[in-house]
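[1] got a predicted structure plus its sequence, pasted below:
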Amino acid sequence: MFFFGGQATWAAIKQSCDPPRPRPREQQQPPLVSPLHLPTSVKSPLSAARLTPLHLIEAVRRRRGEPEANKTTAILPVGCFNLTYQGLFSMICQSLGLAEVPSGFPAQTQLLDLSNNAITTIGPNAFAGLSSLVRLYLYNNKISIASSGAFSSLTSLQLLSIFNNALTTLHSGVFATLTA
């Protein structure tokens, strides 16, 4: 080790050996995301992997003191997101490899895109609580069975896109409640 003397050099060496000092309290930045407090009605264990970007956005909004944009804090598969498309409140869950129709979509959902997944069965009441749904995209899945009552709560549905599936069984009454 070489030392070339001088006050400036000694100060630089001493500083490089000292542990880093914490920044003064007024310079520390608060974290952007605060803990997420879920309703007590949630009964299943949660992991960060199951939370969607919607949860993170709402957490940041709360931390910043902004009002909630909408009540879209349901637990949905990672990769689902919401947007307004052609004036419709839309939930987009396409190309996520989903094997079944997820639940927990916000009641105000008007467009639901579950295309390009691996969904095989549409069970009874698969879309319960989505009476505002106007458009439903289920194309490019592996749907082979649509159970009776699968679309029973979709009283506002105007467009159902279900092409390019493996439909072999349609139980009686599967489309009975659809009027459009």
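    Everything's here; your move.
[2] residues of stretch 121-131 that come out buried?
    Across stretch 121-131, burial judged by 16 or more other CB atoms under 10 Å covers 121-122, 126-127, 130. C-betas here are computed from N, CA, C, even on glycine.
[3] nope, stretch 156-171 is what I meant
    Here stretch 156-171 shows 157, 160, 162, 165 as buried, counting by 16+ other CB under 10 Å.
[4] possible to save those as JSON lines with distance to C80, secondary structure and pLDDT?
    Below are the buried residues of stretch 156-171 laid out as JSON lines (distance: CB to CB, whole Å; DSSP: H, G, I helix; E, B strand; the rest coil; pLDDT from 0 to 100):
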{"residue": "L157", "distance to C80": "20", "secondary structure": "coil", "pLDDT": "94"}
{"residue": "L160", "distance to C80": "20", "secondary structure": "strand", "pLDDT": "94"}
{"residue": "I162", "distance to C80": "20", "secondary structure": "coil", "pLDDT": "94"}
{"residue": "N165", "distance to C80": "20", "secondary structure": "coil", "pLDDT": "95"}
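[5] and of those residues, the nearest to L136?
    Of all these, L136 sits closest to L160, with 5.2 Å by CB to CB.
[6] hmm, L136 and that closest one touching each other?
    Yes. L160 lies in contact with L136 (CB atoms under 8 Å); the separation is 5.2 Å.
[7] what do these two both touch?
    F151 (CB atoms under 8 Å, 6 or more residues apart in numbering).
[8] quick one: I145 and T121 touch, right?
    Yes. Using CB under 8 Å, I145 is in contact with T121, at 4.7 Å.
[9] number of residues surrounding S132?
    Neighbourhood size, S132 [other CB atoms under 10 Å]: 17.
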